[in-house]
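In: make a model of this:
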Amino acid sequence: MTITLSDQDKSTLRTAAYGAVSLMAAAGAAAKPHKIATNGSTALGSATGLIGHVLAEYPKGKELSGKSVAEIADRVLPALTAAMNLLKKQDPAEAGNFRSTVLIAVETAQMHQGQPGPAMTEMARKITEALDAARVTAADSGAVSEAAAGQDRPALQKAIEEIVDAGFVGVSLRVRDERGEWAGSAGAAELGGTAKPPINGHVRIGSNTKTFVATLVLQLVAEGKVGLDSPAADYLPEFGLDRRITVRMLLQHTSGVFNFSGEVYDDGAVVPGIPIPYGTTGKEWVDNRLKTYRPQELVELALSKPARFEPGTGWSYSNTNYVLARLLIEKVTGRSVAEELQRLILGPLGLSDTVVPDASPEIPAPYAHAYYRYADAGDQKTIDITRQNPSWISSGGDMISTTQDLAMFISALLGGRLLPAPLLAEMCTPHPTGIPNMDYGLGVFVVTTDGGGTVISHNGAAVGHAALMYSTPDGSKTLTAALNCVDDADLSIAAAFQNAQQKLLNEVFGGGQADPAQPRD
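Out: A predicted model of the protein is given here:
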């Protein structure tokens, strides 16, 4: 359906959407209203498609500043219903997009406020009611198309509920496709609790970190500061690296460098690295989970072990590759990896909820809790390990983000907003891994789906937290998810984790091979 909006129509949509953010800011005035409004406006400005173009222009002269909550509500709530009714007549699918965008902005407006106060909670409820009043009116008149009704996406809700039934404490999911955006959650944010995980809560994203780091290295290649096929030793001479190891090999996992978190060989032999939460060192990791490791010491430990294979002659997933990539970034730029990520990725894309924690054990609210089960003197204990020092995995998997930021990142990356086309093509060029239907590019897995299609992804697990990130090669359809669970030394949740990935892939992309990336591998 072709949609035609007059200037007045567009003004109505902008006033309604940004008015909702103003309403949340006024309701939470005691908790930094400017920050609340900025968070919500950033979310509106990141909308895609037609609605994104309309909302990109901030409405002038709304005359809402300084008004009371009641005065703003009197103007904004009817405007939201009017905006939805307008879009229903033009294109029901766009009405669904508008509704999702406003609710995401409302949720984002509450971020960083800890537990939202009763006034903000009440305003969020009224905003939702105003949006849904139009949906009810349209449904009663028979005007809701199949596409708009599909925004409820019962199959997606059922899929995440089945994931919880399989053993996860909670899961939140975000899907962006031709039917608009859907976000939902199931399970619990805490063991024994009743509250669901926050739909856009913070999560430790594990090996999704590698995609950010690889993108950053390739951006430095685009700036002419790094040679993709130059010896890594040229940039990091202090480690005495084999000069056959190139920057490309680090990003591609073809360097052969020992994995500092341990290696499992084809014959079943295990060569340990640092104490990690898996295998025989679980209790030691628990006792030292606030310990700080320097990136240099992780690399030095890895280089003290025999290489797994000659550079370029095999493929093996090694966290050491990405710690070397981090150190290379910092050596070349003279700035921390966090500063460079902010300069080249997080800042330009407005990813305000993505964090590079370095050695900090903290995670911003809101979040679902992570747990770990282990044996202590013969007794089984389950503890909350949401606070943990991620320096043990470093840039192999230390970052924190949200499903919304991950969706924005992977869509922008594959949509060509971060890398020149030739380097993006290099990034997504598959290299054989030995895993059926799953090859590796530069910081991304290249997955062949059951239907013969291609999906670009990286997933990650981070002790009680896990994150999924999938996209079509053009960035137009994305799936991002955050999961919280009770982890243990035996990786008992691993089978359910891979089944969860497969279930969601089947539902959104028509199938695909689950990503095996774990901190240990």
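
In: checking residue 226 next. Helix, strand or coil?
Out: coil (DSSP: H, G, I helix; E, B strand; the rest coil).

In: which residues sit in contact with it?
Out: 217, 220, 235, 247, 328, 332 (Cβ atoms under 8 Å, 6 or more residues apart in numbering). C-beta coordinates here come from the backbone N, C-alpha and C atoms, glycine included.

In: top of those residues by neighbour count?
Out: Scoring the contacts of residue 226 on neighbours with other Cβ atoms under 10 Å, the highest-scoring entry is residue 217 at 27 neighbours.

In: I figured it hits residue 247, correct?
Out: Yes. Assessed by Cβ atoms under 8 Å, residue 217 is found in contact with residue 247 at 6.7 Å.

In: could you name every residue contacting both of these two?
Out: With Cβ under 8 Å, 6+ apart, residue 217 and residue 247 have common neighbours 226, 325, 328.

In: tell me the one of those residues nearest residue 448?
Out: Taking Cβ to Cβ as the measure, residue 448 lies nearest residue 325 of these, at 26.3 Å.

In: what are the buried residues along the host helix or strand of that closest one?
Out: Using DSSP states H and E, residue 325 maps to helix 319-333. Within helix 319-333, the residues that count as buried by 16 or more other Cβ atoms under 10 Å are 319-330, 332-333.

In: before we move on, what about stretch 416-431?
Out: Buried, per 16+ other Cβ under 10 Å, within stretch 416-431: 418, 419, 423, 424, 426, 427, 428, 430.

In: kindly report the same for stretch 72-85.
Out: 72, 73, 75, 76, 77, 79, 80, 81, 82, 83, 84, 85.

In: show me which pair in these is furthest apart.
Out: Taking Cβ to Cβ as the measure, the buried residues of stretch 72-85 have their most distant pair in 72 and 85, spaced 20.3 Å apart.

In: how close does the residue nearest the centre of the chain get to residue 313?
Out: In the chain, the residue lying closest to the centroid (Cα atoms, centre = their mean) is residue 406, at 3.1 Å. Relative to residue 313, residue 406 is positioned 33 Å away (Cβ to Cβ, to the nearest Å).

In: quick one on the thing from earlier: and which of the buried residues of stretch 72-85 is nearest to residue 154?
Out: residue 84 (21.0 Å).

In: next, give phi and psi for that closest one.
Out: phi -70, psi -40 (degrees, to the nearest 10).

In: and the helices in the stretch 251-400 of the chain?
Out: 282-287, 295-303, 319-333, 337-341, 347-349 (DSSP state H, counting those that start in this stretch).

In: residue 346 against residue 354, yeah?
Out: Yes. Counting by Cβ under 8 Å, residue 346 touches residue 354, with 5.5 Å between them.

In: what's the distance between residue 503 and residue 154?
Out: Taken as Cβ to Cβ, the span from residue 503 to residue 154 is 15 Å.

In: typo on my end, residue 190
Out: For residue 190 relative to residue 154 (Cβ to Cβ), the value is 26 Å.

In: check residue 106 too.
Out: Distance from residue 106 to residue 154, by Cβ to Cβ: 23 Å.

In: which of these two has more residues huddled nearby?
Out: Set side by side, residue 106 and residue 154 show more neighbours around residue 106, with 23 against 9, by other Cβ under 10 Å.

In: next one, pLDDT for the more buried one please.
Out: On the pLDDT scale, residue 106 is placed at 83.

In: wait, it sits on residue 40?
Out: Yes. Counting by Cβ under 8 Å, residue 106 touches residue 40, with 6.8 Å between them.

In: what touches both of those two?
Out: By Cβ under 8 Å, 6+ apart, the residues touching both residue 106 and residue 40 are 20, 21, 24.

In: show the buried residues in those residues.
Out: Among these, the ones that count as buried (16+ other Cβ under 10 Å) are 20, 21, 24.

In: kindly reformat the residues you listed as JSON lines containing secondary structure and distance to residue 394.
Out: Formatted as JSON lines, those follow (DSSP: H, G, I helix; E, B strand; the rest coil; distance: Cβ to Cβ, whole Å):
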{"residue": "20", "secondary structure": "helix", "distance to residue 394": "40"}
{"residue": "21", "secondary structure": "helix", "distance to residue 394": "37"}
{"residue": "24", "secondary structure": "helix", "distance to residue 394": "37"}
